[in-house]
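Undergrad: Below are the sequence and a predicted model; questions follow.
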Amino acid sequence: MNRPTAFFNRAYDETMSLLVEARNYVAYQEAADQRGLPPTVRLQVSYESMRVTSRLTQVMAWMLAQKAVHAGELTQAQAVGDEYALSGGAICADPSGSDNQHLPIALRSLLDRSHSLYMRTSRLEEMVRRNVA
């Protein structure tokens, strides 16, 4: 296995792991965490859960395109097109939320880790684009 493929496999695995953790949080923990919270904070929890989901789905879509490149199903030039580009920049790149002490700690952790992953993936995408240009 060559190094880029191993690297992308690890990044893909990290993304998948966070997606599963986020799904489990929303499915099993979020409602319990919201009980007793004021309506404005419950709204924030819902909003920030959606931000986590947006980040992770954007990263996963980009990772899948890169896996397709490594599998020979797409060219790198195709994969850097707008169709496969990481999007959601303004919302996904915003680091706020994880420092909000009113939000449940599990959600704050997901916000922090999903932001870190999104930003790393954004830098990777930029490197790939420069290499193709």
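TA: Perfect, I can see it now. Numbering: from 1, shown residues only.
Undergrad: which stretches of the chain form strands?
TA: With DSSP state E, there are no strands along the chain.
Undergrad: Excluding covalently adjacent residues, which one is nearest to the residue nearest the centre of it?
TA: Nearest to the geometric centre of the chain sits Leu56, at 2.5 Å (CA atoms, centre = their mean). Closest residue in space to Leu56, ignoring its immediate chain neighbours: Leu19 at 4.9 Å, by CB to CB, 6 or more residues apart in numbering. For the C-beta atoms, the positions are set from N, CA and C on the backbone; glycine is no exception.
Undergrad: And for Ala65?
TA: In space, Ala65 is closest to Tyr84, 3.9 Å off (CB to CB, 6+ apart).
Undergrad: burial count for the one you found?
TA: Counted with other CB atoms under 10 Å, residues neighbouring Tyr84 total 18.
Undergrad: can you pull the contacts of the residue nearest to the centre of the chain?
TA: Applying CB atoms under 8 Å, 6 or more residues apart in numbering, we find Leu56 in contact with Thr15, Leu18, Leu19, Ala22, Ser114, Leu117.
Undergrad: Also Gln29?
TA: Pro104, Ala106.
Undergrad: Repeat that for Leu64.
TA: Tyr12.
Undergrad: now Thr15: how far from Met60?
TA: 5 Å (CB to CB, to the nearest Å).
Undergrad: Pick out whichever of these two has more residues nearby.
TA: A count of neighbours by other CB under 10 Å puts Thr15 above the other of Thr15 and Met60, at 24 against 17.
Undergrad: Thanks a lot, catch you later.
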